[in-house]
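In: Structural data only, the sequence is not supplied:
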């Protein structure tokens, strides 16, 4: 079977944009990341988000199933790993942060992955999970046939709880940088979203309708 990075996330259908840098900056500030901390991105794909975190001074590492992963990176080692059923190839208590976006919903056994994450996080380390919100995306959720496990705000909270994370927070999130700067615009998006077609190609309208979830949880500090 063809590699997913060459089919689903090729440069023509998903050209490079400023968004990964903007999201890395938002998360860096929102979750109190610091330069010099170790960050792992499982399912890193081409590496554009890792590139954003690296430019903020973090020590970055990547994992992906695809041998094509990391094409946008110069100095980050990407290890090839099946996240659904293999142990994560790092020692216990190693990372300050683990970040992943649009990964957890692709796994058959997300609880295996989550347990491995808590193993390799340092005490007090944080796992950040960005997934599509099933309630906002259900009509097009399986346009991507590799989606396996849908998540809602409730189920994402519960998997964090069941995998022994603490200080858990899960909130809805629009992928519009202007909304991060001016949160009141969320109300505008909420008003127009019922009238926006699910498969619109107009980016502002698309991302005003299709909501993500951001989950965060800490490993118990000893």
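Out: Yes, it's here. Bear in mind that the values here come from a model prediction, so they are computed numbers and not experimental data. Numbering: from 1, shown residues only.
In: Helices of the chain, start to end?
Out: Listed in chain order, the helices of the chain (DSSP state H) span 4-7, 19-30, 48-55, 110-120, 134-137, 153-162, 177-181, 185-192, 203-209.
In: which secondary structure elements does the fifth one contact?
Out: For helix 134-137, the contact count by 3 or more Cβ pairs under 8 Å, 6 or more residues apart in numbering; DSSP states H and E identifies strand 211-218 as packing neighbours. Where C-beta positions appear, they are placed from N, C-alpha and C, glycine not excepted.
In: For the strand it packs on, what is the distance to the chain centroid?
Out: 9 Å (Cα atoms, centre = their mean, to the nearest Å).
In: do stretch 87-105 as well
Out: Distance, stretch centre to chain centre, for stretch 87-105: 11 Å (Cα atoms, centre = their mean).
In: And for stretch 64-76?
Out: Offset of stretch 64-76 from its chain centre (Cα atoms, centre = their mean): 16 Å.
In: Just to confirm, which residue in the protein is farthest away from the center?
Out: Distance from the C-alpha centroid of the chain, by Cα atoms, centre = their mean, peaks at residue 195 (27.4 Å).
In: circling back to that earlier point, so which of the helices of the chain is nearest residue 101?
Out: With Cβ to Cβ as the measure, helix 48-55 is the member of the helices of the chain nearest residue 101 (6.5 Å).
In: buried ones in the closest one?
Out: Within helix 48-55, the residues that count as buried by 16 or more other Cβ atoms under 10 Å are 48-54.
In: contacting residues for the nearest residue to residue 151 once chain neighbours are set aside?
Out: Nearest residue to residue 151, sequence neighbours excluded (Cβ to Cβ, 6 or more residues apart in numbering): residue 131, at 4.8 Å. Listed by Cβ atoms under 8 Å, 6 or more residues apart in numbering, the contact set of residue 131 reads 102-105, 151, 156, 212-213, 215.
In: and residue 131, bridged to which residues?
Out: Beta bridges link residue 131 to residue 213, judged by DSSP bridges.
In: next one: stretch 96-108 to chain centre, how far?
Out: Per Cα atoms, centre = their mean, the centroid offset for stretch 96-108 relative to its chain is 5 Å.
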